[in-house]
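**Q** Sharing a sequence plus its predicted fold:
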Amino acid sequence: MRPLLMLHSACYTWISRFAIVVNGGIHPKHSIIDYEKWFCDNIKTGWCVLDIGCNIGLLAKRISQCAGFVYGIDIKQDLIDEAQQQNSSDNIKYICADANSFNWKSDRPIDCVILSNVLEHIADRTGLLKKLITQVNWGANKKFLIRVPTIQRDWIAVYKKNLGLSYMLDKTHYIEYASDEFVGELELAGIKVEKMEIRFGEIYAVCSVL
């Protein structure tokens, strides 16, 4: 069983990599999952949004069509450069910065912070969330829209974990959540989950500051 489960993990990794290649450089999950629509559906017209871990700006560009203004932040300069070249807009500002040490005092008051597949890559997640709560230049709304992978995506992930095998979807993940674990971690940081659902093995949560 162990070799088969390890092969299962390796196949997932390589399928994902080759899927990007054969799909012209964009992961096909964007069109299949269409997670960008969920974020747009939960953003009110005119909001100023802070997209942390914006990557090449695909989500930032999409939500700029419904939000008033978008700040897109990523730690990698090459991703920010690509975002500026391919996904720029008059109401988007891209910034290269480390989320753990950045000064969050933006020019515009922030209505909503987006963390789309970001938290699982952070070691001190509670520390980051508390910093955002206290340091972001908040407007009238104090919302978080969060998307994270869940270990409850299928039984095989839990089975691998129980056997002490690698079960996470990405080697850079620190955690893949169970639903109650996710809610509890956010509450420790001072964030309340208002609405939560699971799609394609990921948790989607609308949250507010307590």
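**A** All right, it came through fine.
**Q** Can you verify residue 49 is assigned to a strand?
**A** Yes. When classified by DSSP: H, G, I helix; E, B strand; the rest coil, residue 49 is found to be part of a strand.
**Q** what pairs with the stretch of helix or strand residue 94 belongs to, and is each one parallel or antiparallel?
**A** Secondary-structure assignment from DSSP states H and E places residue 94 in strand 92-96. Taking DSSP bridges as the criterion, strand 92-96 pairs within the sheet with strand 69-74 (parallel).
**Q** packing partners for the lengthiest helix in the chain?
**A** The single longest helix within the chain, with elements called by DSSP state H, is helix 2-22. Counting by 3 or more CB pairs under 8 Å, 6 or more residues apart in numbering; DSSP states H and E, the packing neighbours recorded for helix 2-22 are helix 155-162. (Glycine included, C-beta is placed from N, CA and C.)
**Q** Can you show me the CA trace of the helix it packs on as CSV?
**A** Listed in CSV are the C-alpha atoms of helix 155-162, where the atom choice follows Å, rounded to 0.1, in the frame of the first residue of the first chain:
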residue,chain,number,x,y,z
TRP,A,155,-10.5,9.5,2.4
ILE,A,156,-7.1,8.8,0.8
ALA,A,157,-5.6,12.0,2.2
VAL,A,158,-6.6,11.1,5.7
TYR,A,159,-5.4,7.5,5.2
LYS,A,160,-2.0,8.7,4.1
LYS,A,161,-1.8,11.0,7.1
ASN,A,162,-2.7,8.1,9.5
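**Q** Now do that helix: everything it contacts.
**A** The set of residues that contact helix 155-162 without belonging to it, under CB atoms under 8 Å, 6 or more residues apart in numbering, is 5, 8-9, 151-152, 166-167, 176.
**Q** Nearest to residue 125 among those?
**A** residue 176 (12.5 Å; CB to CB).
**Q** Next one, pLDDT for the closest one please.
**A** Turning to residue 176, the model gives it a pLDDT of 96.
**Q** separation between it and residue 160?
**A** When CB to CB, to the nearest Å is the yardstick, residue 176 and residue 160 sit 11 Å from each other.
**Q** and these two? which has more neighbours close in?
**A** A direct count of neighbours by other CB atoms under 10 Å for residue 176 and residue 160 places residue 176 higher, at 23 against 20.
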